[in-house]
Structures are given as structure tokens and as C-alpha cells.
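Visitor: One predicted model, sequence on top.
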Amino acid sequence: MKTGTVGFLAVGTLAIALATSAALSRGLQPPAATPPAPKSELPVRAAENAPRPTNLQQLLEMFRSSDNSFKIRTINSALQLTSEEARKFWPVYQRYEKEDQTQVDRRVALIKQFIALSNEGKINDENAGKLAGEWLQLEQDRVDLWKKYNQEIAKAVSPLRAAQFLQVEHQLALLMDLNIAEAMPAVKGSK
């Protein structure tokens, strides 16, 4: 299976629509222009017109990016934090991203391992069991990280903002997972 640019753009558009819908459902009106947060608070990459990923390797690199401006813009749009909330939220978010990056690196390594074993025709019962166990652990670690930072954001800002962040983070993770899943080979093995 291949991921096409059109599919990725559709998913990106969906993410923005979800974030906007979440903001509007809370009665918030989208601002005419969202002022950028101070550079010390937001890890934003300048390349807004960067080419869209068209293959699994590009998706993995985007997945690894800890300074994904699309994600930051989506969170800004969905949460619409006040200046005071932003001052408290973004340092916690930066800690979250740092911890999440470790998990992302593990996830990328597992995907590459699966692809290598798949290409070599070495998906057998033993390898399949190991890969499945590692994937399940990564999923559990993701949920545990979300729980941890849901609590931290609730303490630092508010439980409502923590829930909003969790919702947006989950939606973005689902979108990325769907893009990667579309590009992944099916599990085929030999007994």
C-alpha cells in the first residue's frame, strides 16, 4: 500500500477541521489572526511550505519531528489559550514533547524492524510475537504518558485545558497512525 499526497493533505485538512470544531463546540470563535507565542515558549519550525510526505520514510521523519509546526498550530487553534494559560501550558508541553520523542524513536525503530523482517521474509511466529509485544508496550506507554501529562496540565493550567489537550493530542496521534498504517506492508509470514 502507498500513501499519496492527496491522502495526507486530506488527513491534514481533517485535523484542522477537528481542532476548529473542538474550539467552536466550546463556544470559542476563531481569532482573525492568532498571535505567535514567544519563541522561548513554542518549538515552532519555520518551514511552513515544506513538501508533504509521500512515502513511509518521509512519514517516519515527520513522525519523529519534535518541532512540528503543524502540531503546534493545531494545538493553538484548538485550545486558544489566554496569555496566562499559555505561559503555564507551553513549558509543560515542551516536557511532554521531550518524553514523547523517546517513545516516537522507539516506535520508528519498531516500524523499521518490522519492515526489514517483512522484506526479508522473516516474519515467523517468534518474530511476530516479539513485534506484537513491543507494539502493545508502546501503546501502553503512550497512554501512560498521556495520563501523566493530563495530570500535569490540569495542575498547571486547569482540568478543562488538560482534557482539551488530551483530545487534540489523541486526534493527532490517530491521524499520524492512520497515515503510517496506510503505508505499512500487511503482516505476512512463513511458518
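Guide: Thanks, I have it. What you see is a predicted model, and the numbers here were worked out from it, not measured in a lab. Residues are numbered from 1 along each chain as shown.

Visitor: going forward, measure contacts between C-alpha atoms and count neighbours the same way
Guide: Noted.

Visitor: what's the model's confidence in the longest helix along the chain, averaged?
Guide: Longest helix in the chain by number of residues, with DSSP state H as the criterion: helix 83-119. Across helix 83-119, the average pLDDT comes to 92.

Visitor: Show the subsequent helix or strand relative to it.
Guide: The helix or strand immediately downstream of helix 83-119 is helix 125-156, counting by DSSP states H and E.

Visitor: tell me the angle that next one makes with helix 83-119.
Guide: If you take axes from the mean of the first three to the mean of the last three C-alpha atoms, to 10 degrees, helix 125-156 sits at 180 degrees to helix 83-119.

Visitor: Verify the contact between L110 and L131 for me.
Guide: Yes - judged on C-alpha atoms under 8 Å, L110 makes contact with L131 at a distance of 7.3 Å.

Visitor: residues contacting V92?
Guide: If you count contacts by C-alpha atoms under 8 Å, 6 or more residues apart in numbering, V92 has them with Y149, E152, I153, A156.

Visitor: tally of neighbours for the closest residue to the last one other than its chain neighbours?
Guide: In other words, A156. Distances taken as C-alpha to C-alpha, 6 or more residues apart in numbering put K88 closest to A156, at 6.0 Å, once the chain neighbours are dropped. For K88, the neighbour count with other C-alpha atoms under 10 Å is 17.
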